[in-house]
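Q: everything below, folded, please.
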Amino acid sequence: PSLLKIGHNIKFDLQMLMPYGVQICPLDDTMLMSYVLDGTSHGHGLDELALTFCGHKMISYDEVTGTGKGRISFAAVPLDKACDYAAEDADFTLRLYHHLKPRLAPEKMTAVYEDIERPLVDIIARMEFAGIKVDPLVLRSLSQTFGVKIVALEGEIHKLAGHTFNVGSPKQLGTVLFDEMGLSGGTKTKTGEWSTSAEVLEDLAVQGHSFVEKILEWRHLSKLKSTYTEALQEAINPATGRVHTSFSMALTNTGRLSSSDPNLQNIPIRTEEGRLIRTAFVAEEGHLLISADYSQIELRLVAEMAGIEVLKQAFRSGEDIHALTASQVFGIPLDQMTPDIRRKAKAINFGIIYGISGFGLAKQLDCSPSEASAYIKQYLGRFPELSAFMDLTKAEARDNGFVRTLYGRKCMIAGIHDKNAARRNFAERQAINAPLQGTAADLIKMAMIRVNKMIEEENLPVRLLLQVHDELVLEGPENEAENLAKKIKAAMESVARFSIPLVADAKCGKNWSQAH
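A: Next comes the predicted model:
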């Protein structure tokens, strides 16, 4: 047990051994070392790293098993050939370890690797292995409901168009919108056809075209039906009755986890139909799902990292942060606040975090780009600490090619020196958002480690199932769920000590929608 085991994407090896009750510890992972050191400046697959750092081209899997109809299973590969392939993996993993490990300390990445990434490997491996129960009957029922609505919408769309056409064909839709109906604001693609992208349609919908609103609704329901209610049924493991997503630990620029096969991190929650998808994710009999998520985490981090005293005080006293911002920026007393003004302030608050442009904000607020730019200027004028933080962050990106999170993670900023002003401006906005989103990613990972430690030390009857950005989803016995939720909330809130409180909300329910 004291012998160090080194792997490349060792999460895979952990899962292969789990059914046999074999645990690997202590461990190191060269894929994660490469990721924390170089971020998204290159890929982190073993083949690419062996070629980049060792000048060696690895034997490919296809060379060993063949391709197409001639492909054989790995079990059928002759032993000497299989040994060469496997031994080469082990050989170059060790070589990479000796190349990457010495870089961690001088590049100030030891803490991110040892305190955040490495402890997470086993936790995520067990989350993937556990999976989450999905009720196929709920999915089938939703699929049927969405199907009926889609057919009805098609009928309405065809009636308004005056003839039938394939609503799912961008070419036919473009002809109907711009040639037949004569709507203005259309743009053509490089192939000379009308663009019917979501952006184009949303612009038209804002102008009050009900026909376009129906097209957008049709697309939304069709996407939910194909990507979720139907595809999720196929993703249910017949042996476990659960969906086992895969979390990529070395893919995003800000340290966020990424989910695939299937992606459970982008299930829409802004629409009623989107929220219905979550009702299909259920707890086992006698259990409840527990959803715990951080409240306004990135807004809190803006206040903390930029040192905006007015906002920090508001978070300490539990004030409505959007109403307060509206009052500060627009000079309106809190007792005269209207929902519309608060909505504008909310859009600006989040827009600043996500590095929005005046043009982007204008679309959200339904105003001119010059008006939106004036709002941003007003906002930054009211919070000079934020302006200073943004300037410092952009300077850091220009000097280093990356920015760091509060915990030292590197977030690469490509295009910061681009001669093209639009691409350079985009990189600057990305530089402002990355340390905020990256610090939030670090915090949720630290929360997973803290919660997992608590579960093990107190032998709690609960297990982690999913992480969706600022949210953790767990499963525990029905009669203990409320108490477990309180413990999880407390663990998440105590993961870091800032000058403002971290706030987490934890709820229980028979399905994910109820718990959220």
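Q: neighbours of Arg103, just the number please.
A: When neighbours are counted by other Cβ atoms under 10 Å, Arg103 registers 15. Bear in mind the C-beta positions are built from the backbone N, C-alpha and C, glycine included.
Q: quick one: residues contacting it.
A: Taking Cβ atoms under 8 Å, 6 or more residues apart in numbering as the criterion, Arg103 is in contact with Met33, Leu37, Met109.
Q: any idea which element it lies in?
A: In this structure, Arg103 sits in helix 79-104 according to DSSP states H and E.
Q: quick one, helices of the stretch 401-516 of the chain?
A: Secondary structure of the stretch 401-516 of the chain (DSSP state H, counting those that start in this stretch): helices at 421-458, 481-493, 512-515.
Q: which of those helices sits most buried?
A: Highest mean neighbour count among the helices of the stretch 401-516 of the chain (mean count of other Cβ atoms under 10 Å): helix 512-515, with a mean of 21.
Q: same for it, what does it pack against?
A: Identification of packing neighbours for helix 512-515 by 3 or more Cβ pairs under 8 Å, 6 or more residues apart in numbering; DSSP states H and E yields strand 287-294, strand 504-509.
Q: looks like Ala481 contacts Cys508 (just checking).
A: Yes: Ala481 is within contact range of Cys508, at 4.3 Å (criterion: Cβ atoms under 8 Å).
Q: before we move on, the earlier item: Throw the contacts of Arg103 into a markdown table and include distance to Ile116 and pLDDT, thanks.
A: Compiled in a markdown table, the contacts of Arg103 are given as follows (distance: Cβ to Cβ, whole Å; pLDDT from 0 to 100):
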| residue | distance to Ile116 | pLDDT |
| --- | --- | --- |
| Met33 | 13 | 99 |
| Leu37 | 14 | 98 |
| Met109 | 10 | 98 |
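Q: nearest spatial neighbour of Met109, skipping sequence neighbours?
A: In space, and not counting its chain neighbours, Met109 is closest to Val36: 4.8 Å by Cβ to Cβ, 6 or more residues apart in numbering.
Q: in what helix or strand does the one you found lie?
A: Applying DSSP H and E, one finds Val36 within helix 30-38.
Q: coming back round to it: and the helix holding Arg103, what's buried?
A: The neighbour-count check on helix 79-104 (16 or more other Cβ atoms under 10 Å) flags Tyr85, Asp89, Phe92, Thr93, Arg95, Leu96, Tyr97, His99, Leu100, Leu104 as buried.
Q: circling back: so which of the helices and strands packed on helix 512-515 comes closest to Arg429?
A: In terms of Cβ to Cβ, the element of those nearest to Arg429 is strand 287-294, at 23.0 Å.
Q: residues contacting Gln296?
A: Ile321, Val503.
Q: please convert the helices of the stretch 401-516 of the chain to TSV, extending it with distance to Met16 and mean pLDDT.
A: What follows is the helices of the stretch 401-516 of the chain, written out as TSV (distance: least, Cβ to Cβ, whole Å; pLDDT from 0 to 100):
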stretch	distance to Met16	mean pLDDT
helix 421-458	21	97
helix 481-493	30	99
helix 512-515	29	96
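Q: between the ones you listed, which one is nearest to Gln467?
A: Closest of the helices of the stretch 401-516 of the chain to Gln467 is helix 421-458, at 6.3 Å (criterion: Cβ to Cβ).
Q: verify the stated contact: Glu202 with Ile215.
A: No: taking contacts as Cβ under 8 Å, Glu202 lies outside contact range of Ile215: 10.5 Å.
Q: more neighbours, those two?
A: A direct count of neighbours by other Cβ under 10 Å for Glu202 and Ile215 places Ile215 higher, at 22 against 13.
Q: correct me if wrong: that one contacts Leu173.
A: Yes: here Ile215 lies in contact with Leu173, judged by Cβ under 8 Å, at a distance of 6.8 Å.
Q: overlap in contacts, the two.
A: Contact criterion Cβ under 8 Å, 6+ apart; residues shared by Ile215 and Leu173: Val167.
Q: just the strands in the stretch 1-150 of the chain please.
A: With strands called from DSSP state E, counting those that start in this stretch, the stretch 1-150 of the chain shows them at 5-7, 27-29, 132-133.
Q: got JSON lines for those, with mean pLDDT too?
A: Listed next are those as JSON lines, based on pLDDT from 0 to 100:
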{"stretch": "strand 5-7", "mean pLDDT": "98"}
{"stretch": "strand 27-29", "mean pLDDT": "98"}
{"stretch": "strand 132-133", "mean pLDDT": "98"}
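Q: quick check: buried residues in stretch 119-137?
A: Within stretch 119-137, the residues scored as buried using 16+ other Cβ under 10 Å are 119-128, 130-134.
Q: most remote residue from the middle of this structure, which is it?
A: Largest separation from the mean C-alpha position in the chain: Asp80, at 42.4 Å (Cα atoms, centre = their mean).
Q: distance of it relative to Ala86?
A: 11 Å (Cβ to Cβ, to the nearest Å).
Q: same question, Asn9
A: Distance, Asn9 to Ala86, using Cβ to Cβ: 14 Å.
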